[in-house]
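A.B. asks: Below: sequence and its predicted model.
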Amino acid sequence: MWRMFFIVFLLAGLCGANAQKTAQLVSRDQPYLLQSSDVLELEYEYTPEYNQVATVQPDGTVRLKLLGSIPVAGMSLDKAMEVIKAKASTRLNKPEITLTLKEFVKPHFTVYGEVSRPGVYDIHGSVTVLQAIALSGGVRDTSKETQVVLVRKVNADIAEVKVINTKEMSSAKGAREDFDLRPDDMLIVPKSRLGKVEPYVRVASMGLTSLYGIQAFK
């Protein structure tokens, strides 16, 4: 039995009124950001005895020989290498290092709410909004297809929100409005009409709370 509880959490003041009216989903390409369970290989050119393979821990840190625990979650690989090199420079003379991402979390999207099979799905190639809903078994009769919510991370702290009319998108006229999902996108198919929708929410709140009214999904 699948259960997910959604509790209202609207954030005002994250952007001005004009920005709220014109907010659009961020579509620019962004580098992969490290997260827990990623596996890194660190190699030193002149001190290979410190070479190692390490996994990013649930707290976002990676434990390295000589250097101890270093927070890397939310960083690009280049940024993490910069941070590690700076830390290594306090112990070694001008260290030359290479940081390689050996294993990473597969790109995926999530569908919650009034669909037959809510859950997390891997992205293979391109997956559009309508295809994602189809993969999750399609909407239930109790769904509000005119107000499906798409939550997309802007950065480690903020996610952008858009309300989509998938019922209209499913028509011949609206089919051209269908678009590809991005890794970590979240689709929420509500059961009832939504209230006021803020264009941005804090990512930290999404693990404990969610959007648009109390919902219990089975």
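C.D. replies: That came through, no problem.
A.B. asks: Can you check which helix is longest in this protein?
C.D. replies: Counting by DSSP state H, the longest helix found in the chain is helix 77-88.
A.B. asks: Could I get the buried residue list for that helix?
C.D. replies: By 16 or more other C-beta atoms under 10 Å, the buried positions in helix 77-88 come out as 77, 80-81, 84, 87-88. C-beta coordinates here come from the backbone N, C-alpha and C atoms, glycine included.
A.B. asks: Which of those sits closest to residue 186?
C.D. replies: Checking the buried residues of helix 77-88 against residue 186 with C-beta to C-beta, the nearest one is residue 77 at 24.3 Å.
A.B. asks: wait, the closest one sits on residue 99?
C.D. replies: Yes - with contact defined as C-beta atoms under 8 Å, residue 77 reaches residue 99; the gap is 6.2 Å.
A.B. asks: Mind pulling up the pLDDT for the residue nearest the centre of the chain?
C.D. replies: The residue lying closest to the centre of the chain (C-alpha atoms, centre = their mean) is residue 184, at 3.3 Å. Per-residue pLDDT puts residue 184 at 87.
A.B. asks: swap in residue 74?
C.D. replies: You'll see residue 74 listed with a pLDDT of 88.
A.B. asks: Same check on residue 35?
C.D. replies: Confidence score, pLDDT, at residue 35: 86.
A.B. asks: Not counting its neighbours along the chain, what's nearest residue 106?
C.D. replies: Excluding the flanking residues, the one nearest residue 106 by C-beta to C-beta, 6 or more residues apart in numbering is residue 122, at 5.1 Å.
A.B. asks: List the residues that contact the one you found.
C.D. replies: Applying C-beta atoms under 8 Å, 6 or more residues apart in numbering to residue 122 gives the contacts 106-108.
A.B. asks: Any chance of the residues you listed in JSON lines with neighbour count, pLDDT and secondary structure as columns?
C.D. replies: Formatted as JSON lines, those follow (neighbours: other C-beta atoms under 10 Å; pLDDT from 0 to 100; DSSP: H, G, I helix; E, B strand; the rest coil):
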{"residue": "106", "neighbour count": "10", "pLDDT": "84", "secondary structure": "coil"}
{"residue": "107", "neighbour count": "15", "pLDDT": "86", "secondary structure": "coil"}
{"residue": "108", "neighbour count": "15", "pLDDT": "88", "secondary structure": "strand"}
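A.B. asks: Tell me which other helices or strands the strand or helix carrying residue 150 touches.
C.D. replies: Using DSSP states H and E, residue 150 sits in strand 148-153. The helices and strands touching strand 148-153, judged by 3 or more C-beta pairs under 8 Å, 6 or more residues apart in numbering; DSSP states H and E, are helix 129-135, strand 158-164, strand 186-189.
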